[in-house]
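Trainee: Whatever this is, show me its structure:
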Amino acid sequence: MSLASHAARSSRRYFDPRFEATIITVAPGEHEITSARDEIVATVLGSCISVCMRDPQAGVGGLNHFLLPKNNGGSDASAGERYGDTAMEVLINGLLKRGARRGNLETKVFGGARVLSGATMLAIGDGNIAFVTEFLNREGIPIVSKDVGGTRSRRIHYQPATGRAWVQHVQTTSRDSEHEQELAYLNRLKTQPVAGEVEIW
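Mentor: Purely as a prediction, here's the structure:
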């Protein structure tokens, strides 16, 4: 990864004594990969999906975070990882570049809650769950565990080196910052052109 592309990412690192590890936060439309035993990738999900994927033999893994299943708006490559179809390919290819073997990959899947109001909003989480389940089945990558659906947001911590995942369910309110961020993010996807877009979280 070039320095320029790394600088554009929203992830931040901090040490968490509860886990005795460095936490790497993953923003919507991004991913992180690590093989370090003292690193944990983390994110907060509403209707979004995160796929935690690793090769247990190579000891490398990562996590992505996407809001919508597919980019139906065209072939603009800069749409990036905000869409599930791209986010999954980027994560898989990133792991393979770090020494993972496709036949060894396993996943844990989280998110897809119904946290946004309105008929269209309610369908987003369900659509994400259906997409990622079908994608992984088609690719022959097993889901070893999952925690999806429901009405609560989730905080996810995932340690790729060991495959351990921690999930905290969070009651979403209309004034909740993650809820507001997700709604604003969805609105930007619908209304703003992708090219040249800068998102600050």
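Trainee: ok, and for stretch 41-61, which residues are buried?
Mentor: By neighbour count, and taking 16 or more other Cβ atoms under 10 Å as the criterion, the buried residues in stretch 41-61 are 41-56, 58-61. C-beta coordinates here come from the backbone N, C-alpha and C atoms, glycine included.
Trainee: CA atoms only for that stretch, dumped as PDB, please.
Mentor: Taking only C-alpha atoms (Å, rounded to 0.1, in the frame of the first residue of the first chain), the coordinates of stretch 41-61 have been written out as PDB:
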ATOM      1  CA  VAL A  41      -9.300  -4.900  14.200                       C
ATOM      2  CA  ALA A  42     -12.500  -3.300  15.300                       C
ATOM      3  CA  THR A  43     -15.500  -1.500  13.900                       C
ATOM      4  CA  VAL A  44     -19.100  -0.500  14.800                       C
ATOM      5  CA  LEU A  45     -22.000  -1.800  12.700                       C
ATOM      6  CA  GLY A  46     -25.600  -1.000  12.200                       C
ATOM      7  CA  SER A  47     -27.100  -2.300   9.000                       C
ATOM      8  CA  CYS A  48     -23.600  -2.600   7.600                       C
ATOM      9  CA  ILE A  49     -21.800  -5.900   7.300                       C
ATOM     10  CA  SER A  50     -18.300  -6.800   8.400                       C
ATOM     11  CA  VAL A  51     -16.700 -10.000   7.300                       C
ATOM     12  CA  CYS A  52     -13.900 -11.300   9.400                       C
ATOM     13  CA  MET A  53     -11.700 -13.500   7.200                       C
ATOM     14  CA  ARG A  54      -8.500 -15.400   7.900                       C
ATOM     15  CA  ASP A  55      -6.300 -18.200   6.900                       C
ATOM     16  CA  PRO A  56      -5.600 -20.000  10.200                       C
ATOM     17  CA  GLN A  57      -2.500 -21.800   8.800                       C
ATOM     18  CA  ALA A  58      -0.900 -18.600   7.500                       C
ATOM     19  CA  GLY A  59      -2.000 -16.700  10.600                       C
ATOM     20  CA  VAL A  60      -3.200 -13.700   8.600                       C
ATOM     21  CA  GLY A  61      -6.600 -12.200   8.500                       C
END
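Trainee: can you give me phi and psi for the residue most central in space within the chain?
Mentor: Averaging the C-alpha coordinates of the chain gives a centre point, and the residue nearest to it by Cα atoms, centre = their mean is residue 65 (1.7 Å). When read as degrees, to the nearest 10, the backbone of residue 65 gives phi -150, psi 110.
Trainee: For this structure, just list every one of the helices.
Mentor: 3-7, 84-97, 119-139, 177-191 (DSSP state H).
Trainee: I'd like the average pLDDT over the first one.
Mentor: Helix 3-7 shows an average pLDDT of 41 in the prediction.
Trainee: which residues of this protein score low on pLDDT?
Mentor: 1-11, 72-79, 116-122, 172-201 (pLDDT under 70).
Trainee: run the last query once more with 50
Mentor: 1-7, 189-201 (pLDDT under 50).
Trainee: can you give me the strands in it?
Mentor: Under the criterion DSSP state E, strands of the chain are mapped to 13-16, 21-25, 31-34, 39-45, 49-55, 60-64, 106-111, 143-148, 153-159, 164-170.
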